[in-house]
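Engineer: show me the folded form of this:
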Amino acid sequence: MSAPTVFDSAPLEKLIGMVGEATVREIVELFREHGPLRLEAARSGRRDGDAAAARLALHSLRSSAQMVGCIEVHELAGEGEKLAAEGDLESLEAPLDRLGGALDRALAALVESFPAAGSGT
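Structural biologist: Sure thing, here's the model as predicted:
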């Protein structure tokens, strides 16, 4: 089994062509800021027994990860979203743990591939 793809720059390159680099920089910064918050909201939903809150947080994370090319995060958030939609909060713990590591890797790859994202400028 091969390692999952963490990041693909193609979506960001396409966005730059459509809306310009400054707007894409803002999108990346929003993902860097809100991605961890969405993950924490999903964890809180699981902890609190609120499958709808977990599903919503994972759906949001999945969508934004796809937009910025964070493939592994997109896939794992989708897996978690499905479990939350089924109300299977007990099985959600392991995917959320994997998602935390994937999000860390994705954020590092984003900064490496799009350095302006990490500069705050």
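
Engineer: how many neighbouring residues does the residue lying closest to Pro95 once chain neighbours are set aside have?
Structural biologist: Distances taken as CB to CB, 6 or more residues apart in numbering place Gly80 nearest to Pro95, at 4.5 Å, with adjacent residues excluded. From N, CA and C alone the C-beta is placed, and that goes for glycine too. A count of neighbours around Gly80, defined by other CB atoms under 10 Å, yields 29.

Engineer: cool, and Met67?
Structural biologist: Tallying neighbours of Met67 according to other CB under 10 Å, which is how burial is gauged here, yields 17.

Engineer: cool, and Gly20?
Structural biologist: When neighbours are defined as other CB under 10 Å, Gly20 has 10 of them.

Engineer: local confidence estimate at it?
Structural biologist: Reading off the confidence values, Gly20 has pLDDT 94.

Engineer: please renumber so the chain begins at 41
Structural biologist: All set: I'll call the first residue 41, so the last point we hit is now Gly60.

Engineer: which ones are touching the residue nearest to Pro135?
Structural biologist: Neighbouring residues of Gly120 by CB atoms under 8 Å, 6 or more residues apart in numbering: 82, 94, 98, 132, 135-136, 139.

Engineer: most neighbours among these, which one is it?
Structural biologist: Leu98 leads those on contacts (other CB under 10 Å) with 30 neighbours.

Engineer: now that residue: closest residue in space, sequence neighbours ignored.
Structural biologist: Of all residues apart from its sequence neighbours, Glu121 sits closest to Leu98 (CB to CB, 6+ apart), at 4.1 Å.

Engineer: ditto for Val113
Structural biologist: Here the nearest residue to Val113 in space, its sequence neighbours aside, is Ala105; by CB to CB, 6+ apart that works out to 3.9 Å.

Engineer: what comes up buried for the helix or strand that that neighbour is a member of?
Structural biologist: With the criterion set as DSSP states H and E, the secondary-structure element containing Ala105 is helix 91-108. When burial is assessed from 16 or more other CB atoms under 10 Å, helix 91-108 yields the following buried residues: 91, 93-102, 104-108.

Engineer: mean confidence score for that helix?
Structural biologist: Looking at helix 91-108 alone, the average pLDDT works out to 98.
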